[in-house]
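Chemist: sharing a model that was predicted from the sequence below.
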Amino acid sequence: MKKEFTRREFIKTAGKGLSLLALFSGVVRFDAPAKAAEGEMLFANDLLRGEDQLKVIFLDKKHEEKSDCFIIMYLSQSGLDIILHDGGFDDGHSYTALGNLRREILEKANIPTAEQGKYRLNLKLVISHFHTDHVQALNGTILMSKRFAVTEAYIPQKTCLVQGVYDDNENSDLRERVAFLYMMKTYHPDAMIRVLDWGETCLVPTEIGKVQLFAQTEDWGKEEKLGMFKTNYGYKGRYNEGEAIPICVLNANCLWMRVALSDHSFLFTGDVEKRITVRRDEPLDHFIDAYGEDLRSDVIKYPHHGQMRAAAAGSIKRSLITQKEEAICILTASDGKDDAGYALNRLNMPWLDLESGSLFFTVKDGKLTRETVQKAKSFL
């Protein structure tokens, strides 16, 4: 009697006759969507199907200090969910990476070159905070491009900090946030924009896995919080109103994101601050106190680029990272990497930075793998 295959079993069996590219990537192409009706948009995401897997990409740094663009891809039998976490500087790096991903999907799906312009890459956005090094690429090239379509965006609450207090030059809520909302209204008017309230958590819808967002418990732009910084902190040995405070305020208000599939998870901490090891009332401490074990993950992006202050290392070791053999903390900057790396190694916790290339993590069949890719053109 002829054996009946489930769709998942069919994928496994049919894979033996697919191209080497499909075998290596674990991607199977099914029939492309029908021709779009008048005004209807086609998405490259719908061209691919495959076995459940999660790929998390830490793009290598193209700025002298940091990389602030992370691509999260959930592949399932329903298609490809893509979440763009921040976008980095508008140096063309993140724009090029997304363009390469789109092109790779269309080529593997055998879409003729003449037809490729009809397909856009469907993106969900998560913005940790509105400092320029995290959102400039969005407000610059990505949001206005006809290659990409944003359907959802998740952003932190606006700070109450006003001009004339501490943050005249660096309060990007007064500049980059406004620019982002204008760009979204202009180029993606139908997108859903979710502003998380203080202390709020929410789930980003995905077909598989889990994407959870965590908002800071309260606004660090309040007068009492600014007073705490002014009283207890200096900058390079002295208090400097124009340099120390602004970085603390917006960084402290970051959204955190945790993505997971099966038993493996990734935590993106934005630039939330931890400056003095022995204190327990800093922004990072408040996050840990509020959400506890819900934050613990296998792969963690070190807060604030692995900055020269290594004060966060102890908190990561105690409260954020799992005890799995493959657990790792990612430093996304060269500045202070020796200092932060020393603290992490002293605590017997592995770490690395992005100088050597993009980091590709894949979760599939209950296993977590990692590879470093130089000048990556293949994302699947």
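Modeler: Looks like it arrived, so ask away. Everything quoted here is computed from the prediction, not taken from an experiment.

Chemist: what is the burial count for the nearest residue to Asp190 once chain neighbours are set aside?
Modeler: Closest residue to Asp190 apart from its sequence neighbours, by CB to CB, 6 or more residues apart in numbering: Thr151 at 7.8 Å. Just so you know, the C-beta spots here come from the backbone N, C-alpha and C atoms, and that holds for glycine as well. For Thr151, the count of nearby residues is 13 (other CB atoms under 10 Å).

Chemist: phi first, then psi, for Thr151.
Modeler: phi -100, psi -30 (degrees, to the nearest 10).

Chemist: next one: it, what pLDDT does it get?
Modeler: At Thr151 the predicted local distance difference test score is 96.

Chemist: what about it, distance to Ala333?
Modeler: Distance from Thr151 to Ala333, counting by CB to CB, to the nearest Å: 31 Å.

Chemist: check Val299 too.
Modeler: 17 Å.

Chemist: could you do Phe214 as well?
Modeler: Distance, Phe214 to Ala333, by CB to CB: 23 Å.

Chemist: can you check Phe180 too?
Modeler: Separation of Phe180 from Ala333 (CB to CB) stands at 23 Å.

Chemist: ok, now Ser356?
Modeler: For Ser356 relative to Ala333 (CB to CB), the value is 14 Å.

Chemist: for those two, work out which one has more neighbours and name it.
Modeler: Using other CB under 10 Å, the more surrounded residue of Ser356 and Ala333 is Ala333, with 23 against 11.

Chemist: touching, that one and Lys61? I think so.
Modeler: Yes: if you go by CB atoms under 8 Å, Ala333 and Lys61 touch, sitting 6.9 Å apart.

Chemist: can you list residues touching both of those two?
Modeler: Common neighbours of Ala333 and Lys61 are listed as Ser67 (criterion: CB atoms under 8 Å, 6 or more residues apart in numbering).

Chemist: Tyr95 touches Ile142, doesn't it?
Modeler: Yes: at 5.6 Å, Tyr95 counts as touching Ile142 under the criterion of CB under 8 Å.

Chemist: more neighbours: the two, which one.
Modeler: Using other CB under 10 Å as the criterion, Tyr95 and Ile142 rank with Ile142 on top: 26 against 21.

Chemist: show me what contacts the more buried one?
Modeler: Ile142 makes contacts with Leu84, Gly87, Ser94, Tyr95, Leu98, Phe148, as judged by CB under 8 Å, 6+ apart.
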